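A.B. asks: need a 3D model of the sequence below.
(2 chains)
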Number of protein chains: 2
Amino acid sequence: MSMKDIDYSLYLVTDHRNKTDEEFLNIIEEAIKGGTSIVQLREKTASTKDFYQLALKVKEITTKYDVPLLINDRMDIALAVDSEGVHLGQDDMPADIARKIIGDDKILGVSASTVEEAIKAQIDGADYIGSGAVFPTATKDDADSVSKEELKSIVDSIDIPVVAIGGITIENASELKDTGIAGFSVVSAIMSADDPKEASQKLREIYIS
Amino acid sequence: MSMKDIDYSLYLVTDHRNKTDEEFLNIIEEAIKGGTSIVQLREKTASTKDFYQLALKVKEITTKYDVPLLINDRMDIALAVDSEGVHLGQDDMPADIARKIIGDDKILGVSASTVEEAIKAQIDGADYIGSGAVFPTATKDDADSVSKEELKSIVDSIDIPVVAIGGITIENASELKDTGIAGFSVVSAIMSADDPKEASQKLREIYIS
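C.D. replies: Predicted coordinates:
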């Protein structure tokens, strides 16, 4: 396994809905300028061709700012655009199979909402865990909820970093500060912000303070 | 490029809808027993995990009968189950990018409904072309139609094999006999047949007679 020194402190998961490509790409760039340290491109309805072409455009931005890009679910897209890694949910490719395909150098993230899933993901080769939903959320219908106590248990049960996701806002993020997480993962708090750069700055300040 | 001596004469594209896994897998096995010479697994709504697990089961059958398995659209699934290849539509990954990812040994098929698309696919590294719809079809809403004359032009414009697809039945298949195609590709004619083995036998007889 190669060294991976990744800054998970502010982890943006994208949401393309109701946005033009230009608006979407602009939000990502502003978010990075404001302190977003890692980006996960998540597209659940696009054709493979459209997903690929959008991923190429996002990769240009993340490369420009030297921020890692992860692709949600689709290893084919990750390989095609040579993103830094993939993020897999529990309904995606099994993590051990994914690790064999992407190799040891790419970042492999796995969603886990229980200690059992988190331990299994670590054994299967995950580099980090995304855990949530830590707050109520409208982004994912099927999101399991993870209490602050459960989040702490997950952090304590594994050696790899845990990012918290689900309903995190500038208002509530500080509630997660003593859980041992490696970062805040957000969708709406940045994607729907009036000023994505400022939202990123505020979220990052909360994390590092 | 390695040698690829593929029998495209009877090419089954699967349709999982309204079938249990057991029924679905049984149809594929019966079809192969009846002469289906290559299988393309096509899943447009399954989660990656479900697609992967189904592909593993189909791969067991195709391996047992030494018939190539192609995965529609998803190179990640193809790599995960080590299928013999992939088939890409015009809305899927660009063929030249796909070729780089899957390597030279895997079969790369591309859908093309015009001479221009067929020539581009060959240049991009396709091993064969799927061309249609040669007859009216209810399977794909967005299927372009390809006349018998257009099909002949496509066959004549490239050096790689062309399989015809779209609405081919035991009743109309013989109409395609003087087009130079390498095989009949069917969905419903086998997937919806009362006896998939017999349907395969009849279609294969029409092709080789």
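A.B. asks: quick check, A:K57 in contact with A:L25.
C.D. replies: Yes: using C-beta atoms under 8 Å, A:K57 makes contact with A:L25 at a distance of 5.8 Å. Where C-beta positions appear, they are placed from N, C-alpha and C, glycine not excepted.
A.B. asks: from A:L12, how far off is A:M191?
C.D. replies: 8 Å (C-beta to C-beta, to the nearest Å).
A.B. asks: which of these two has more neighbours?
C.D. replies: Neighbour count, other C-beta atoms under 10 Å in any protein chain shown: between A:M191 and A:L12, A:L12 has more, with 29 against 23.
A.B. asks: and that one, what does it touch?
C.D. replies: Contact analysis of A:L12 by C-beta atoms under 8 Å, 6 or more residues apart in numbering or on different chains lists A:I28, A:A31, A:T36, A:I38, A:V39, A:Q40, A:S185, A:V186, A:V187, A:I190, A:M191, A:S200.
A.B. asks: what pLDDT does the closest residue to A:E175 other than its chain neighbours get?
C.D. replies: Spatial nearest neighbour of A:E175, chain neighbours left out: A:K148 (7.0 Å); criterion: C-beta to C-beta, 6 or more residues apart in numbering or on different chains. Predicted confidence (pLDDT) for A:K148: 96.
A.B. asks: try A:D96
C.D. replies: So, for A:D96, pLDDT stands at 98.
A.B. asks: which SSE is it in?
C.D. replies: Per DSSP states H and E, A:D96 falls inside helix A:95-102.
A.B. asks: next SSE downstream of that helix?
C.D. replies: Trace forward from helix A:95-102 with DSSP H and E and the next one is strand A:107-111.
A.B. asks: could you check the angle that next one makes with helix A:95-102?
C.D. replies: Between strand A:107-111 and helix A:95-102, the angle comes out at 160 degrees (axes from the mean of the first three to the mean of the last three C-alpha atoms, to 10 degrees).
A.B. asks: now look at the helix or strand following strand A:107-111 and say if it contacts chain B.
C.D. replies: As assigned by DSSP H and E, the chain's next helix or strand after strand A:107-111 is helix A:115-124. No: applying C-beta under 8 Å from any C-beta of the partner chain, one finds helix A:115-124 separated from chain B by no less than 13.1 Å.
A.B. asks: direction-wise, compare the next helix or strand after helix A:115-124 with strand A:107-111 and give the angle.
C.D. replies: As assigned by DSSP H and E, the chain's next helix or strand after helix A:115-124 is strand A:128-132. For strand A:128-132 against strand A:107-111, the angle by the same axes, to 10 degrees is 20 degrees.
A.B. asks: which residues touch stretch A:195-204?
C.D. replies: Contacts to stretch A:195-204, defined as C-beta under 8 Å, 6+ apart, come from residues A:9-10, A:12, A:27, A:30-37, A:168, A:170, A:173, A:184, A:186, A:189-190, A:193.
A.B. asks: before we move on, what about stretch A:44-51?
C.D. replies: Taking contacts as C-beta under 8 Å, 6+ apart, the residues outside stretch A:44-51 that touch it are A:16, A:43, A:54, A:72-74, A:76-77, B:73-74, B:90-94.
A.B. asks: buried ones in it?
C.D. replies: A:A46, A:T48, A:K49, A:F51 (16 or more other C-beta atoms under 10 Å in any protein chain shown).
A.B. asks: list just the nearest of these to B:V81.
C.D. replies: The closest of these to B:V81 turns out to be A:T48 (C-beta to C-beta; 17.6 Å).
A.B. asks: roughly how far does the residue of chain A positioned farthest from its centre sit from B:T45?
C.D. replies: Distance from the C-alpha centroid of chain A, by C-alpha atoms, centre = their mean, peaks at A:K49 (22.2 Å). Distance of A:K49 to B:T45, given as C-beta to C-beta: 18 Å.
A.B. asks: swap in A:D82?
C.D. replies: Distance of A:D82 to B:T45, given as C-beta to C-beta: 28 Å.
A.B. asks: isn't there a helix covering A:V39?
C.D. replies: No: applying DSSP: H, G, I helix; E, B strand; the rest coil, one finds A:V39 to be strand, outside a helix.
A.B. asks: got a list of what it touches?
C.D. replies: Applying C-beta under 8 Å, 6+ apart, we find A:V39 in contact with A:Y11, A:L12, A:T14, A:I28, A:A31, A:I32, A:V58, A:T62, A:V67, A:P68, A:L69, A:L70.
A.B. asks: next step: these restricted to strands.
C.D. replies: Among these, the subset assigned to strands under DSSP state E consists of A:Y11, A:L12, A:L69, A:L70.
A.B. asks: relative to B:D144, which of those residues is nearest.
C.D. replies: Nearest to B:D144 among the ones in strands among the contacts of A:V39, with distances taken as C-beta to C-beta, is A:L69, at 34.3 Å.
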